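> no letters, just coordinates:
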């Protein structure tokens, strides 16, 4: 709890950098970028300047929420036919053909330009220092790094940069990333142009071409981030904002539209009825999103209809409180690995920010001598030309990374997010319901055991949740299982951060998820 500013993210070193920015008079936007840059160094399997970013910004002086989409497009030459000619029958999950233009750096620059007071170069200084002089690897980070060794060994550049001494670093070992330090210095000096039009762009494109990829200098040069209108729904007097498609934030909104039709608070957190209803609501929302969410510039995405009360009522009718839906499908609306960080400054401005390279170490490929891990966001495309999210030239993919923001009576209530691929909208719903319906504080809401809907009737429960409701959910037809020993599954329940603001006192209440190495701190 504090009054003058707070930050929360998945690494203490990043949180410290953000807090320092706030103490020096920087804005929430400045702090978010400083944290994102440090995370690109100290948690390199999850994020980096070779990835994408999204943000929601609450502007205190207007009470308005702004959405920033800094995701990158496919190459101009990216067609299903071009991939089939190279022997692919579906989108590759990793490798050079899964790479899309990295959008994160453009998002950092856009965020600082519009809502910051400090220079981008100044905000990158802590990250450059950690990359050049070294940082101790945090425990969960070390475990994730170890799990990614086979991926890193698949390409000599990746092994050279991220397997010092031929192995993953252990907890507490100091790692230096001098090539990444030089790339960050180039951005600090030359801004976004250094990344998309300068020497860094040249090195990345030359590497991609040498490996047989399709992205060109022109693809990089044409990239631009987009300021957008967020989408939102009211949930019991609280308005949850999400970025619009191509992101999956609409899933959380559709699920909440179903949940608010029922007296969830009176059910109670430990009630099997609540868990069953929430799982089923998210299940239906996921299947809608998998059918409809795509690049809205190149596909019809019926957002207004999907979020309408009438559509939510029809979807609620499909849910039986006695039995899980065995074969869910999308509805028919009537048409009329990742890091999260949040910051709230002393003026009440807030930034909910998420940055990712998708899978652990993204494509598995480091571009030349830049130290930049290139993301694999193209893996989300379909090869079905009839699908809205089919592969096409200069197209944005279905995106998993989603920040969240909540207002009440037009004022900031909470900036938050939950990392973890398809867990993200599920985490948004569970954390918000924990606070609004069950009266938990921000730390309790993050600590509470979670479920993760996987597919069909399969649901993973954290151990504490399994003890509470596992048997009862199994009796209703849910295929309940505990997470396996694989790190991706065991830690697949997300890692979140929350900053809440008391409207009467201005006091900030910040929490950080114990499932990550992170920290919430303020002054």
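Ah, there it is. Remember, it's a predicted structure, so these values are computed and weren't measured experimentally.

> gap between the two ends of stretch 366-384?
Length of stretch 366-384, first residue to last, C-alpha to C-alpha, to the nearest Å: 30 Å.

> quick one: buried residues of that stretch?
Neighbour-count burial for stretch 366-384, counted by 16 or more other C-beta atoms under 10 Å, picks out 366-368, 370-382. Every C-beta, even on glycine, is put in place using the N, C-alpha and C of the backbone.

> identify, from those residues, the entry nearest to residue 66.
Nearest to residue 66 among the buried residues of stretch 366-384 is residue 377, at 22.7 Å by C-beta to C-beta.

> mind listing what the closest one touches?
Each residue near residue 377 by C-beta atoms under 8 Å, 6 or more residues apart in numbering is listed here: 51, 52, 71, 72, 98, 99, 100, 358, 397, 399.

> tell me the phi and psi of the first one?
Spelled out, it's residue 51. Dihedral pair for residue 51: phi -120, psi -160, per degrees, to the nearest 10.

> what pLDDT does residue 318 get?
Looking at residue 318, its pLDDT is 96.

> which of the buried residues of stretch 366-384 fall within strands?
Residues of these located in strands (DSSP state E): 366, 373, 374.

> okay, these in CSV with distance to residue 116 and pLDDT next?
Listed next are these as CSV, based on distance: C-beta to C-beta, whole Å; pLDDT from 0 to 100:
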residue, distance to residue 116, pLDDT
366, 29, 97
373, 26, 98
374, 27, 98
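
> closest to residue 421 out of those?
residue 373 (17.0 Å).

> quick check: the closest one touching residue 362?
Yes - look at residue 373 against residue 362 with C-beta atoms under 8 Å: they come within range, at 5.0 Å.

> what is in contact with the two at once?
Common contact partners of residue 373 and residue 362 (C-beta under 8 Å, 6+ apart): 48, 50, 51.

> so the second one, which state does it fall into?
Each residue gets one of three states, and residue 50 gets coil by DSSP: H, G, I helix; E, B strand; the rest coil.

> next up, the contacts around it.
102, 104, 204, 357, 362, 367, 372, 373, 374, 375.

> repeat that for 10 Å
By C-beta atoms under 10 Å, 6 or more residues apart in numbering, residue 50 lies in contact with 40, 44, 72, 99, 101-105, 180, 183, 195, 204, 357, 361-363, 365-367, 370-376.

> same question, the last one
Counting by C-beta under 10 Å, 6+ apart, residue 51 makes contact with 36, 40, 70-72, 100, 102-105, 107, 337-339, 355-358, 362, 372-377, 401.

> again, only this time at 7 Å
By C-beta atoms under 7 Å, 6 or more residues apart in numbering, the contact set of residue 51 is 102, 104, 355, 356, 357, 362, 375.

> and these as TSV, adding secondary structure?
Putting those into TSV (three-state DSSP) gives the following:
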residue	secondary structure
102	coil
104	helix
355	strand
356	strand
357	coil
362	coil
375	coil
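
> which of the contacts of residue 377 sits closest to residue 136?
Relative to residue 136, the closest of the contacts of residue 377 is residue 51; by C-beta to C-beta it sits at 23.1 Å.

> quick one: the closest one from residue 373, how far?
As judged by C-beta to C-beta, to the nearest Å, residue 51 and residue 373 stand 8 Å apart.

> any residues in contact with both of the two?
By C-beta under 7 Å, 6+ apart, the residues touching both residue 51 and residue 373 are 357, 362.

> doesn't residue 473 fall inside a helix?
Yes - counting by three-state DSSP, one finds residue 473 located in a helix.

> surely it and residue 274 touch.
No - with contact defined as C-beta atoms under 7 Å, residue 473 does not count as touching residue 274 (10.7 Å).

> element containing residue 311?
Secondary structure assignment for residue 311, by DSSP states H and E: helix 309-316.

> SS state for residue 179?
When classified by three-state DSSP, residue 179 comes out as helix.

> show me what contacts it?
Residue 179 makes contact with 161, 369, 370, 371, according to C-beta under 7 Å, 6+ apart.

> from those residues, which land in helices?
Judged by DSSP state H, those include residue 161 as members of helices.

> need the contacts of residue 179 in JSON lines (columns: pLDDT).
Converted to JSON lines, the contacts of residue 179 look like this (pLDDT from 0 to 100):
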{"residue": "161", "pLDDT": "97"}
{"residue": "369", "pLDDT": "96"}
{"residue": "370", "pLDDT": "97"}
{"residue": "371", "pLDDT": "97"}
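
> that older thread, which SSE is immediately downstream of the helix holding residue 311?
Once the chain leaves helix 309-316, the next helix or strand it forms, by DSSP H and E, is strand 338-344.

> contacting residues around that following strand?
With C-beta under 7 Å, 6+ apart as the criterion, strand 338-344 contacts 5-10, 14, 18, 22, 28, 31-32, 35-36, 39, 43, 46-47, 350-356, 401, 415-417, 419-420, 496-497, 499, 501, 508.

> pull the distance from that strand to the chain's centre.
9 Å (C-alpha atoms, centre = their mean, to the nearest Å).

> got it, and stretch 373-393?
18 Å.

> what's the end-to-end length of it?
End to end - C-alpha to C-alpha - stretch 373-393 spans 22 Å.

> do the same with stretch 166-177
End-to-end distance of stretch 166-177 (C-alpha to C-alpha): 15 Å.

> in the protein, what helix or strand scores lowest on average pLDDT?
The helix or strand of the chain with the poorest confidence is helix 487-490; it has a mean of 54 (mean pLDDT, DSSP states H and E).

> all strands of the stretch 351-500 of the chain, in order?
365-366, 373-374, 404-408, 411-418, 451-455, 458-461, 479-481, 496-501 (DSSP state E, counting those that start in this stretch).

> just those strands: most buried one?
The highest average neighbour count among the strands of the stretch 351-500 of the chain, using mean count of other C-beta atoms under 10 Å, belongs to strand 373-374 at a mean of 31.

> partners of it in the sheet?
For strand 373-374, the pairing partners within the sheet under DSSP bridges are strand 365-366 (antiparallel).

> okay, now the unreliable bits of the stretch 201-350 of the chain?
By pLDDT under 70, the weakly predicted segments of the stretch 201-350 of the chain are 334-336.

> switch the cut-off to 50
Within the stretch 201-350 of the chain, the segments meeting pLDDT under 50 span 335-336.

> next one: the stretch 351-500 of the chain
Residue ranges of the stretch 351-500 of the chain with pLDDT under 50: none are present.

> one more time with 80
Scanning the stretch 351-500 of the chain for pLDDT under 80 picks out 483-491.

> that older thread, now the contacts of residue 51 as a markdown table including distance to residue 448?
A markdown table is the format used below for the contacts of residue 51 (distance: C-beta to C-beta, whole Å):
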| residue | distance to residue 448 |
| --- | --- |
| 102 | 35 |
| 104 | 31 |
| 355 | 26 |
| 356 | 24 |
| 357 | 29 |
| 362 | 31 |
| 375 | 31 |
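
> quick check, nearest of these to residue 220?
Nearest to residue 220, judged by C-beta to C-beta, of the contacts of residue 51 is residue 102 at 8.6 Å.

> secondary structure class of the nearest residue to residue 443 once chain neighbours are set aside, three-state.
Computed as C-beta to C-beta, 6 or more residues apart in numbering, the closest residue to residue 443 that is not its neighbour in sequence is residue 511, at 4.0 Å. Of the three states, residue 511 takes strand according to three-state DSSP.

> bridge partners for residue 511, pull those for me.
Note on residue 511: beta-bridge partners by DSSP bridges are residue 498.

> what are the phi and psi values at the residue positioned nearest the centre of the chain?
For the chain, residue 401 is the residue whose C-alpha lies nearest the centre (C-alpha atoms, centre = their mean; 2.7 Å). Main-chain torsions, residue 401, degrees, to the nearest 10: phi -80, psi 130.

> quick one: it from residue 156, how far?
Separation of residue 401 from residue 156 (C-beta to C-beta): 29 Å.

> equivalent analysis for residue 21, please.
The value you get for residue 21 to residue 156, if C-beta to C-beta is used, is 37 Å.

> compare those two (neighbour count), which wins?
residue 21 (29 against 10; other C-beta atoms under 10 Å).

> done for today, thanks.
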